[in-house]
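Asks: Show me how the following folds:
(one chain, ligands or ions: 1)
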Amino acid sequence: MEATLNIHTSTGDYPVFIGDDNFKNARDFVKGKCMIVTDSNVEPLYLEALKNELKGIQVHSVTVPAGEKSKCKERLFEIIDELAKYEFNRQDTVIALGGGVVGDLTGLAAGLYMRGIRLIMMPTTLLSMVDSSCGGKVAINHDTGKNMIGMFYQPVAVIANLKTLLTLEDVQISCGAAEMIKYGCIYDRELFSILDDRENLLLPSTLQRCIAAKDYYVTRDTLDKGIRMTLNFGHTIGHGVEKATGLLHGQAVGIGMYMETLMSEKMGITKAGTANKIKAMLEKYNLQHSVSQDAEWKKYLFHDKKGAEQGITFAFIKDIGESALLLVPYSDLEDLL
Ligand code: GLY
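Replies: Numbering: from 1, shown residues only. Got it, this is the predicted structure:
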């Protein structure tokens with residue numbers, strides 16, 4: 001069984017498998033007992049199918065409610081309590097079967113339990129396949145913000161079963177598309193052209209290209225102290241929009257990419273017309289490009305956790321496929337927005 005590609009990090013490499021019906025690949029990476037963590041949407045669709053592939057192995061499972069609210073300390077400790085109850089140790093394995101919420105929550109539980117137990121990511125949404133399952137960022141939310149309690153904890157393998165995309169709602173596909181468009185914008189101009197044809201969106205080769213783009217940044221800056229921040233393109237405004245409007249993450253990132261690019265065009269950093277190209281691409285995937293200027297989201301922007309005392313470091317693009325990190329002083333920000 002050959003991996004589609006590998007993620008390279010400062011603490012080691014791991015394979016990513018993209019394919020149809022590849023739940024069976026999990027068997028090769030499970031050691032000892034196995035705890036599958038999933039959510040209430042995914043459980044009825046795929047838990048049994050995965051358990052069937054793990055016959056002969058002692059398997060337990062935890063199902064958390066679907067949705068962002070599960071990224072909380074109660075659900076985190078529910079998983080940890082189950083691991084302790086069944087006497088899991090570092091020779092055993094945890095599987096995250098679900099989207100970004102399940103991956104982030106389970107990844108953090110796996111990283112904390114006994115200072116780290118084997119983790120397999122099995123993403124079931126487009127967004128988690130191309131982004132959150134790869135690169136080791138795991139976290140829960142706190143009253144003061146999203147992903148405030150987290151760590152870097154890498155899985156031993158990522159197994160993306162494309163069949164699971166068939167049961168996703170259109171809006172979830174759009175959210176994944178937003179992150180894929182992001183990779184085209186910051187790193188891979190040809191990918192941006194490929195995405196121009198919607199038929200290409202779910203091709204294994206397109207997903208592979210996105211994950212390869214992610215690997216480019218994770219390899220160079222696993223701990224997100226420098227160039228990896230480029231992956232935040234669209235996320236600085238996007239996080240504010242997400243909090244203020246309740247839009248889904250990918251929808252908010254789409255808006256963020258357009259608005260941040262309008263801003264950098266205004267600053268003279270970005271080739272004129274680039275924001276319009278992004279807008280056209282977003283429309284293709286039924287993603288909106290703007291929210292009202294006087295909306296609440298601006299308030300959150302000034303509280304962005306990546307903000308330093310002097311201003312906010314934005315990931316901008318100069319042109320499609322070419323990016324730059326830039327600190328924008330708070331004093332300039334109001335005029336630019
Ligand atoms: N999702 C952004 C990152 O992994 O750095």
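Asks: thought residue 27 was touching residue 53?
Replies: Yes. Look at residue 27 against residue 53 with CB atoms under 8 Å: they come within range, at 6.1 Å. For the C-beta atoms, the positions are set from N, CA and C on the backbone; glycine is no exception.
Asks: and these two? which has more neighbours close in?
Replies: residue 53 (17 against 14; other CB atoms under 10 Å).
Asks: which residues does that one contact?
Replies: Residues counted as contacts of residue 53 (CB atoms under 8 Å, 6 or more residues apart in numbering) are 23, 24, 26, 27.
Asks: which ones are touching the third one?
Replies: In this structure, residue 26 makes contact with 50, 53, 54, 95, 120, 122, 157, 159, judged by CB under 8 Å, 6+ apart.
Asks: which one is the first one nearest to, not counting chain neighbours?
Replies: Read that as residue 50. residue 23 (5.1 Å; CB to CB, 6 or more residues apart in numbering).
Asks: got it, and residue 258?
Replies: residue 289 (4.0 Å).
Asks: For the one you found, what is the enclosing helix or strand?
Replies: Assigned by DSSP states H and E, residue 289 belongs to neither a helix nor a strand.
Asks: for residue 63, same thing?
Replies: Counting by DSSP H and E, residue 63 is part of strand 59-64.
Asks: Mind listing what's buried along the helix or strand that that strand is followed by?
Replies: Sequence order places helix 73-85 as the next helix or strand after strand 59-64, per DSSP H and E. When neighbours are counted by 16 or more other CB atoms under 10 Å, the buried residues of helix 73-85 are found to be 75, 76, 78, 79, 80, 82, 83.
Asks: With stretch 164-177 instead?
Replies: Under the neighbour-count criterion of 16+ other CB under 10 Å, stretch 164-177 has 164, 165, 168, 172, 173, 174, 175, 176, 177 buried.
Asks: Can you give me the neighbour number for the closest residue to the fourth one other than its chain neighbours?
Replies: With sequence-adjacent residues excluded and distances taken as CB to CB, 6+ apart, residue 172 is closest to residue 125, at 5.6 Å. Using other CB under 10 Å, residue 125 has 29 other residues around it.
Asks: so who does residue 125 touch?
Replies: 98, 99, 100, 164, 165, 168, 172, 175, 176.
Asks: Which of those fall in helices?
Replies: Residues of these located in helices (DSSP state H): 100, 172, 175, 176.
Asks: Could you dump the buried residues of stretch 164-177 into JSON lines and include pLDDT?
Replies: Shown next, in JSON lines, are the buried residues of stretch 164-177 (pLDDT from 0 to 100):
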{"residue": "164", "pLDDT": "97"}
{"residue": "165", "pLDDT": "97"}
{"residue": "168", "pLDDT": "96"}
{"residue": "172", "pLDDT": "97"}
{"residue": "173", "pLDDT": "98"}
{"residue": "174", "pLDDT": "98"}
{"residue": "175", "pLDDT": "98"}
{"residue": "176", "pLDDT": "98"}
{"residue": "177", "pLDDT": "98"}
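Asks: Pipe the ones in helices among the contacts of residue 125 into TSV and attach distance to residue 330 per row.
Replies: Formatted as TSV, those follow (distance: CB to CB, whole Å):
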residue	distance to residue 330
100	30
172	35
175	30
176	33
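Asks: Could you single out the nearest of those residues to residue 219?
Replies: Set against residue 219, the nearest of the ones in helices among the contacts of residue 125 by CB to CB is residue 100 (21.5 Å).
Asks: SS state for residue 309?
Replies: Secondary structure state of residue 309, per DSSP: H, G, I helix; E, B strand; the rest coil, is coil.
Asks: still on that earlier bit, closest to the ligand among the contacts of residue 125?
Replies: residue 100 (9.3 Å; CB to the nearest ligand atom).
Asks: Hmm, the closest one is touching residue 250, no?
Replies: No. Assessed by CB under 8 Å, residue 100 is found out of contact with residue 250, at 9.6 Å.
Asks: Neighbour count: the two, which is higher?
Replies: Counted by other CB under 10 Å, residue 100 and residue 250 do not tie: residue 250 has more neighbours, with 29 against 23.
Asks: Would you mind confirming that the more buried one is in contact with residue 181?
Replies: No. Counting by CB under 8 Å, residue 250 stays clear of residue 181, with 9.5 Å between them.
Asks: which residues touch residue 274?
Replies: Applying CB under 8 Å, 6+ apart, one finds that residue 274 lies in contact with 261, 265, 317, 319, 320.
Asks: okay if I get those as TSV plus neighbour count?
Replies: Shown next, in TSV, are those (neighbours: other CB atoms under 10 Å):
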residue	neighbour count
261	26
265	18
317	28
319	14
320	23
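Asks: Tell me which of these fall in strands.
Replies: 317, 319 (DSSP state E).
Asks: check the contacts of residue 274 against the ligand, which are close?
Replies: Near the ligand, judged by CB under 6 Å from any ligand atom, there are no entries from the contacts of residue 274.
Asks: ok, so of the contacts of residue 274, who is nearest the ligand?
Replies: Of the contacts of residue 274, the one sitting nearest to the ligand (CB to the nearest ligand atom) turns out to be residue 317, at 15.7 Å.
Asks: Now residue 329. Nearest residue, chain neighbours left out?
Replies: residue 311 (4.1 Å).
Asks: these two touch, right, that neighbour and residue 333?
Replies: Yes. Counting by CB under 8 Å, residue 333 is a contact partner of residue 311 at 6.9 Å.
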